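# structure of the sequence below:
(chains A, B, C and D)
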There are 2 protein chains.
Amino acid sequence: MTITMHDVAKLAGVSIKTVSNVVNDYQYIKPETRARVLEAIESLGYTPNLSARGLRSGRTGVISLIIPDLRNAYFAELADSVMRAAADEGLAVLIQQVGGKRAAEIEALHGPRMTNVDGILYSVLALDESDVDQLVIDTPLVLLGERIFNGPTDHVTMHNIEGARAATEHLLAQGRRRLVAFGAHPGEVIGSAGLRLVGYREALEAAGVEFDESLVVTVGNWHRADGAEGMREFLAKGIPFDGVVAFNDSIALGAMRVMQDAGIRIPADAAVIGFDDIDETRYTLPSLSTINPGRDEIARVAVQYLKERIAGGAHSIPPREYLADFELIERESSHAGG
Amino acid sequence: MTITMHDVAKLAGVSIKTVSNVVNDYQYIKPETRARVLEAIESLGYTPNLSARGLRSGRTGVISLIIPDLRNAYFAELADSVMRAAADEGLAVLIQQVGGKRAAEIEALHGPRMTNVDGILYSVLALDESDVDQLVIDTPLVLLGERIFNGPTDHVTMHNIEGARAATEHLLAQGRRRLVAFGAHPGEVIGSAGLRLVGYREALEAAGVEFDESLVVTVGNWHRADGAEGMREFLAKGIPFDGVVAFNDSIALGAMRVMQDAGIRIPADAAVIGFDDIDETRYTLPSLSTINPGRDEIARVAVQYLKERIAGGAHSIPPREYLADFELIERESSHAGG
DNA sequence: ACTCGGTCCTCCAACGTTGTAATCTGCGAG
DNA sequence: CTCGCAGATTACAACGTTGGAGGACCGAGT
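Got it, this is the predicted structure:
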């Protein structure tokens, strides 16, 4: 039923190994033979069986991308970037959603799915530095995002502290002084939330503005709904503020909506800036200023690193760290004097 | 280096076939033997090699999801729904982005990646009914979305005409009479755009409102940017209107933004309703009324159909068609008398 | 004429698993 | 005490491919 190399070989009058050589671009093949084989492949509609290839060669041409949740626009766009970068390298992407659950992340790293995959891109959310042991696996692995630095693997991420600092400075430069740090995770030091809070504090300090604990708002998950709820609770306290540094765009948008319902004008009464530059920030009312974390660059470098690990062995060279450039994107939500 | 069934078998003192039987839940195994094997698996950290399994059994446990683009929120949410449904069935999902390009869609259906996959969920965008031949493949295939009806495969989608009709009637019921049909694709009859336009016209006719060609606005791609541009061009013509039936949420949001910039109050001056119920419609200002197409149901049924095809052979039973229930979600953008 | 190195191609085994069919054990019925 | 049968396990081959090694051919250098 299915067409194999044997069929192609027979039709082309060569051995199956020659067919294999043609398919794999082996250099010593007579142009004439190559043509004959390609013609046979074409006429039979042959496609290589990737399971067999994977079994024999140990390579499947598939990499896994472990992310919390595609519903979150940031991760959807990250997945998009990764898939484009992977496609350029001839790799397919198997996405695994782990919902930010610890057990699921570990399972994804160690489960049987992994033997079917040449490498893993893992956007860490649930694990932290105490889990470094979990990262020691035979499959090449590249980490995305924060939470684990100096682990045993390559790590590609953004300049979190600097980005948050730039966002904060941007609002401070407009004379805003009571800036809400929106999206904190209490006790977290090393994750995105922790680092971005550091950048926020650095900016305040550099500007000589005193840090006010009551302006730090915790938002558990970083979805729009959580942002809306976090802002609702914060407004209920009646604490005055004139700006919001949100640690991601989704919660910024959720918060903006609640602020507007409460009659707060953006940016006149309070400026807002987010993080991630997801697509919709361009089209909201007002459009949302944000930090572009260099997602395409992150994806490209991460796939590149992974490819090198796949080619050279998971632990052939020491772990690398790459920090992509960020960019502050000024939109209506933080227009000076707006 | 890697641990195989042989290692497990040796440690447990059984044959490798028994290990295989345990792994595959074969019914006739002494509980004691099973326990011994499981213990060996555990202590060695054995995971089955899916390439080998795939080669031998013809099943990989992976299905492919072909979609245009994850950046489009609708497809990101669809992918999310599909992955959850698939995970419940023990299937992993390999997403292939084809960017709405014809060649890429065909390649995805026929390329070598397909031999590595048990079945395909294909959200049709570029192909149409003249391409039905392309759909005749050995791999089980379930179609999502419009464009191809009565093809050789199962087809799961929504009630497009009825949904669009309900959306239109909703605005008509408020006394709106000059409703823009936003997102048309000229000449397309059978795709989402074509069907939704039919629903729009049906509703007008039922209400005795004359159809006005000048209120039909073409929007090529259904991204936010295209919606913004389409509305900008439409407004430039100065044609009066009091409502917008947008054929998807993304273009509705892009359009809303442009309308607001132009000083049009929503819903006071013009009501807006979209299609898809993507997450962000809840948080925009104003929040967007929309048609929930039953995405989870579509995903669940599609995966179910596919699983049955995988179990029973791609062409074991005649093609089925399933239309999910839709729901009209009324939000601020179409509040009566708003 | 003989060797050598480069081309081009083929043979064989192996990757790790599961389908098929065969074997073996015990136990109750005849 | 044998037969039959269900339960439990195993031997063997096969899935389609590629790595490794080797063979045949050919022209050039000695």
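# flag every buried residue along stretch A:180-188.
Judged by neighbour count (16 or more other C-beta atoms under 10 Å in any protein chain shown), stretch A:180-188 contains these buried residues: A:180, A:181, A:182, A:183, A:184, A:185. Where you see a C-beta, it was placed from the backbone N, CA and C, and this is true even at glycine.
# then stretch A:52-64?
Of all the residues in stretch A:52-64, those buried under the rule 16+ other C-beta under 10 Å are A:52, A:53, A:54, A:55, A:60, A:61, A:62, A:63, A:64.
# centre of the chain to it, how far?
How far stretch A:52-64 lies from its chain's middle: 24 Å, per C-alpha atoms, centre = their mean, to the nearest Å.
# do that stretch and DNA strand C meet?
Yes - Stretch A:52-64 lies within reach of DNA strand C by C-beta under 7 Å from any atom of the strand, at A:52, A:55, A:56.
# what residues does the stretch 51-200 of chain A have near DNA strand D?
With the criterion set to C-beta under 7 Å from any atom of the strand, the stretch 51-200 of chain A comes near DNA strand D through A:52, A:53, A:55, A:56, A:57.
# got JSON lines for the residues you listed, with secondary structure too?
Shown next, in JSON lines, are these (DSSP: H, G, I helix; E, B strand; the rest coil):
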{"residue": "A:52", "secondary structure": "helix"}
{"residue": "A:53", "secondary structure": "helix"}
{"residue": "A:55", "secondary structure": "helix"}
{"residue": "A:56", "secondary structure": "helix"}
{"residue": "A:57", "secondary structure": "helix"}
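# where does residue A:260 fall, secondary structure wise?
Element membership for residue A:260 (DSSP states H and E) is helix A:249-261.
# would you mark the buried spots in that helix?
Neighbour counts over helix A:249-261 (16+ other C-beta under 10 Å) mark A:249, A:250, A:251, A:252, A:253, A:254, A:255, A:256, A:257, A:258, A:259 as buried.
# report the separation between whichever residue of the stretch 151-300 of chain A sits closest to DNA strand D and chain B.
Closest contact between the stretch 151-300 of chain A and DNA strand D, by C-beta to the nearest atom of the strand, is at residue A:154 (24.2 Å). In this view, residue A:154 and chain B are 21 Å apart by C-beta to the nearest C-beta, to the nearest Å.
# ok, that residue touching residue A:142?
Yes - with contact defined as C-beta atoms under 8 Å, residue A:154 reaches residue A:142; the gap is 4.5 Å.
# who touches both of the two?
When contacts are counted by C-beta atoms under 8 Å, 6 or more residues apart in numbering or on different chains, the set common to residue A:154 and residue A:142 consists of A:302, A:305, A:306, A:309.
# and chain A, what are its domains?
For chain A, automatic domain parsing gives the domain ranges A:5-48, A:62-157+A:295-326, A:160-292+A:328-334.
# make JSON lines from these and add mean pLDDT to it.
Below are these laid out as JSON lines (pLDDT from 0 to 100):
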{"stretch": "domain A:5-48", "mean pLDDT": "94"}
{"stretch": "domain A:62-157+A:295-326", "mean pLDDT": "89"}
{"stretch": "domain A:160-292+A:328-334", "mean pLDDT": "95"}
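# now render these as TSV, adding distance to residue B:108.
Below are these laid out as TSV (distance: least, C-beta to C-beta, whole Å):
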stretch	distance to residue B:108
domain A:5-48	12
domain A:62-157+A:295-326	10
domain A:160-292+A:328-334	24
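# so which of the ones you listed is nearest residue B:119?
Nearest to residue B:119, of all the domains of chain A, is domain A:62-157+A:295-326, at 14.8 Å by C-beta to C-beta.
# quick one: end-to-end distance for that closest one.
29 Å (C-alpha to C-alpha, to the nearest Å).
# how about the host helix or strand of residue A:304 and DNA strand D, any contact?
In the assignment (DSSP H and E), residue A:304 maps to helix A:295-312. No - Helix A:295-312 lies apart from DNA strand D when judged by C-beta under 7 Å from any atom of the strand; the minimum separation is 12.0 Å.
# from the contact counts, what lies against that helix?
helix A:73-88, strand A:119-123, strand A:141-144, strand A:154-158, strand A:321-324 (3 or more C-beta pairs under 8 Å, 6 or more residues apart in numbering or on different chains; DSSP states H and E).
# of those, which is nearest residue A:227?
helix A:73-88 (12.4 Å).
# once you drop chain neighbours, what's closest to the closest residue to DNA strand D within the stretch 101-250 of chain A?
Of all residues in the stretch 101-250 of chain A, residue A:118 sits closest to DNA strand D, at 13.0 Å by C-beta to the nearest atom of the strand. Distance criterion C-beta to C-beta, 6 or more residues apart in numbering or on different chains; nearest residue to residue A:118, sequence neighbours excluded, is residue A:310 at 4.9 Å.
# that neighbour contacts residue A:117, doesn't it?
No - using C-beta under 8 Å, residue A:310 makes no contact with residue A:117, being 10.0 Å away.
# how close does residue A:131 get to DNA strand C?
To DNA strand C, residue A:131 is 26 Å away according to C-beta to the nearest atom of the strand, to the nearest Å.
# that should have said residue A:260, apologies.
Residue A:260 sits 56 Å away from DNA strand C, going by C-beta to the nearest atom of the strand.
# that residue against residue A:269, yeah?
No - with contacts counted by C-beta under 8 Å, residue A:260 stays clear of residue A:269, the gap being 10.1 Å.
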